[in-house]
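Engineer: With the sequence up front, the predicted model follows.
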Amino acid sequence: MRSIRGDILGSQPQPTRVDTNPPAARLRELLECAVERTTADGMLLSGGLDTSVISAVSARQGRKLRAVSVSVAGVVSPDEPFAKMIAERCRFPLRVLRPALADLIAAMPAVMRVLGGFDPMELRNSTVVWLALQAAREDDIAAVLTGDAADELFAGYSYIFSMPPEQVSPYLHFLNGVMRFSSIPMGRSVGVEAQLPYLDPAVREFALTLSRDDLVGERDGQRFGKKVLREAFADLLGEDVSWRVKTPIEYGSGSRALQKFVMDSVSDEEFEAARVRISAEDGVALRDKEQFFYYRIYRTVLPPPCQQKGGAKRCGSCGGAVERAEQKYCRVCGAYPC
């Protein structure tokens with residue numbers, strides 16, 4: 001990692017970076033106002049672009065947030081050095097949690113009760129957030145800021161910025177209507193309010209006016225999403241952070257290692273027998289051993305998905321309720337299309 005400016009509080013912004021870029025200048029103004037309207041005393045800090053922006057803005061506004069980050073024990077965590085660097089530059093005290101994979105599994109029943117599903121990708125990400133929220137509660141933090149919604153609003157996911165250009169804006173408008181963030185209900189469950197500056201109404205409204213060219217760009221031969229967000233805060237964060245490639249929570253924290261860990265614990269014979277039985281009894285089509293492992297936990301705390309109420313349609317893989325008829329992703333089991 002290259003060395004970048006060492007202290008956000010002591011640095012001076014370089015307005016020429018954004019003054020020649022009206023969308024970036026406007027986004028910076030709106031996001032600074034959004035952060036100023038929050039009341040949080042903590043920060044869930046991964047060290048990725050989205051949380052780094054919120055941290056830097058908070059620090060420049062004189063906020064003394066207590067930060068929490070998660071690095072799974074015994075696993076390489078790409079996020080940790082960035083989280084430490086940002087916390088140091090913002091002068092935030094940082095608590096780094098180092099849970100074992102077994103600790104993530106132990107948290108799953110509680111996470112499933114709150115979220116109502118057993119989607120492997122969701123669990124690999126949300127158990128990390130759950131442990132961070134619990135740590136915040138232990139430290140008497142009343143509310144935390146998160147970086148949620150930046151990817152959904154500014155085309156941060158590779159599958160979005162790889163779409164044909166004419167499809168990006170319509171898809172982001174659709175996503176704006178269905179996106180949901182686990183930090184909100186999980187925070188409520190543990191007694192810590194999750195505050196999401198990117199969901200500030202003014203930021204959200206502005207994001208939907210941006211063109212594909214505002215959101216997607218090339219740098220050093222690589223395509224990036226969230227171009228306007230990167231440009232808006234490049235002078236404050238430095239290029240190492242502002243142009244950092246997106247790293248999902250499960251990779252950045254190391255929780256991706258759960259996949260192999262749990263799959264190795266299930267034999268082929270056990271999975272095949274369970275797959276047939278669960279299909280017959282619960283109407284759930286299990287994709288692999290990892291999903292079976294989580295579904296087994298899910299059934300200790302919740303009934304079969306087919307018993308869920310409401311929804312515009314039912315998932316063809318698990319029978320769970322899907323909120324909107326046009327929605328293709330099942331929040332219960334993770335099936336796509338559902």
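Structural biologist: Looks like it arrived, so ask away. Numbering: from 1, shown residues only.
Engineer: where along the stretch 101-250 of the chain do the helices fall?
Structural biologist: Using DSSP state H, counting those that start in this stretch, the helices assigned to the stretch 101-250 of the chain run over residues 101-115, 120-138, 150-153, 158-161, 165-178, 183-190, 201-207, 212-215, 227-237, 239-242, 249-252.
Engineer: Any idea how many residues pack against Ser267?
Structural biologist: Ser267 has 10 neighbouring residues, counting by other Cβ atoms under 10 Å. Any C-beta I mention is one placed from the backbone N, CA and C, and that applies to glycine too.
Engineer: Now do the same for the residue nearest the centre of the chain: its pLDDT.
Structural biologist: Per Cα atoms, centre = their mean, the C-alpha nearest to the average position across the chain is that of Asp148, at 5.5 Å. At Asp148, the model reports a pLDDT of 98.
Engineer: Phi, psi for the nearest residue to it once chain neighbours are set aside please.
Structural biologist: Distance criterion Cβ to Cβ, 6 or more residues apart in numbering; nearest residue to Asp148, sequence neighbours excluded, is Phe181 at 4.3 Å. Dihedral angles of Phe181 (phi, psi; degrees, to the nearest 10) stand at phi -130, psi 120.
Engineer: check contacts around Phe181.
Structural biologist: For Phe181, the contact set (Cβ atoms under 8 Å, 6 or more residues apart in numbering) comprises 146, 148-149, 194, 196.
Engineer: picking up where we left off before, just so I know, which of the helices of the stretch 101-250 of the chain lies nearest Leu286?
Structural biologist: Across the helices of the stretch 101-250 of the chain, Leu286 has its closest neighbour in helix 120-138 (10.7 Å, Cβ to Cβ).
Engineer: average pLDDT across the closest one?
Structural biologist: The model assigns helix 120-138 a mean pLDDT of 98.
Engineer: just how off-centre is it within its chain?
Structural biologist: Centre-to-centre, helix 120-138 and its host chain are 10 Å apart (Cα atoms, centre = their mean, to the nearest Å).
Engineer: Now stretch 227-245 - C-alpha only, CSV.
Structural biologist: In CSV, the C-alpha atoms belonging to stretch 227-245 read as follows (Å, rounded to 0.1, in the frame of the first residue of the first chain):
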residue,chain,number,x,y,z
LYS,A,227,-16.9,7.2,-10.3
VAL,A,228,-18.6,10.4,-9.1
LEU,A,229,-18.2,9.4,-5.4
ARG,A,230,-14.5,8.6,-6.0
GLU,A,231,-13.9,11.9,-7.7
ALA,A,232,-15.8,13.9,-5.1
PHE,A,233,-13.5,12.9,-2.2
ALA,A,234,-10.2,12.0,-4.0
ASP,A,235,-8.5,15.1,-2.6
LEU,A,236,-9.5,14.1,1.0
LEU,A,237,-8.9,10.4,0.9
GLY,A,238,-5.9,10.1,-1.5
GLU,A,239,-5.9,7.8,-4.5
ASP,A,240,-5.2,4.6,-2.6
VAL,A,241,-8.5,4.8,-0.9
SER,A,242,-10.6,6.7,-3.4
TRP,A,243,-9.8,4.4,-6.3
ARG,A,244,-9.7,1.2,-4.2
VAL,A,245,-11.4,-1.8,-6.0
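Engineer: Quick one: mean pLDDT for that stretch?
Structural biologist: For stretch 227-245, the per-residue pLDDT averages 94.
Engineer: got it, and stretch 93-105?
Structural biologist: The average pLDDT for stretch 93-105 rounds to 98.
Engineer: hmm, who's touching it?
Structural biologist: Counting by Cβ under 8 Å, 6+ apart, 45, 66-75, 80, 83-84, 87-88, 124, 127-128, 131-132, 135, 139, 255, 257-258, 261-262, 297 sit against stretch 93-105.
Engineer: list the buried ones in that stretch?
Structural biologist: For stretch 93-105, the neighbour count (16 or more other Cβ atoms under 10 Å) marks 94-97, 99, 101, 104-105 as buried.
Engineer: Also stretch 23-41?
Structural biologist: For stretch 23-41, the neighbour count (16+ other Cβ under 10 Å) marks 23-28, 30-32, 34-35, 38, 40-41 as buried.
Engineer: Determine which two of the residues you listed are furthest apart.
Structural biologist: Every pair of the buried residues of stretch 23-41 checked by Cβ to Cβ; the farthest is Pro23 and Asp41, at 31.5 Å.
Engineer: Give me the neighbour count for the closest residue to Val284 other than its chain neighbours.
Structural biologist: Using Cβ to Cβ, 6+ apart and skipping the chain neighbours, the partner closest in space to Val284 is Cys318 (4.7 Å). Residues near Cys318, counting by other Cβ under 10 Å, number 29.
Engineer: what helices or strands is the helix or strand hosting Ile54 leaning on?
Structural biologist: Taking DSSP states H and E as the definition, one finds Ile54 inside helix 49-60. If contacts are counted by 3 or more Cβ pairs under 8 Å, 6 or more residues apart in numbering; DSSP states H and E, helix 49-60 sits against helix 22-36, strand 42-44, helix 79-90, strand 143-145, helix 150-153, helix 227-237, helix 239-242.
Engineer: 7 Å instead?
Structural biologist: Contacts defined by 3 or more Cβ pairs under 7 Å, 6 or more residues apart in numbering; DSSP states H and E place helix 49-60 against helix 22-36, strand 42-44, helix 79-90, helix 227-237, helix 239-242.
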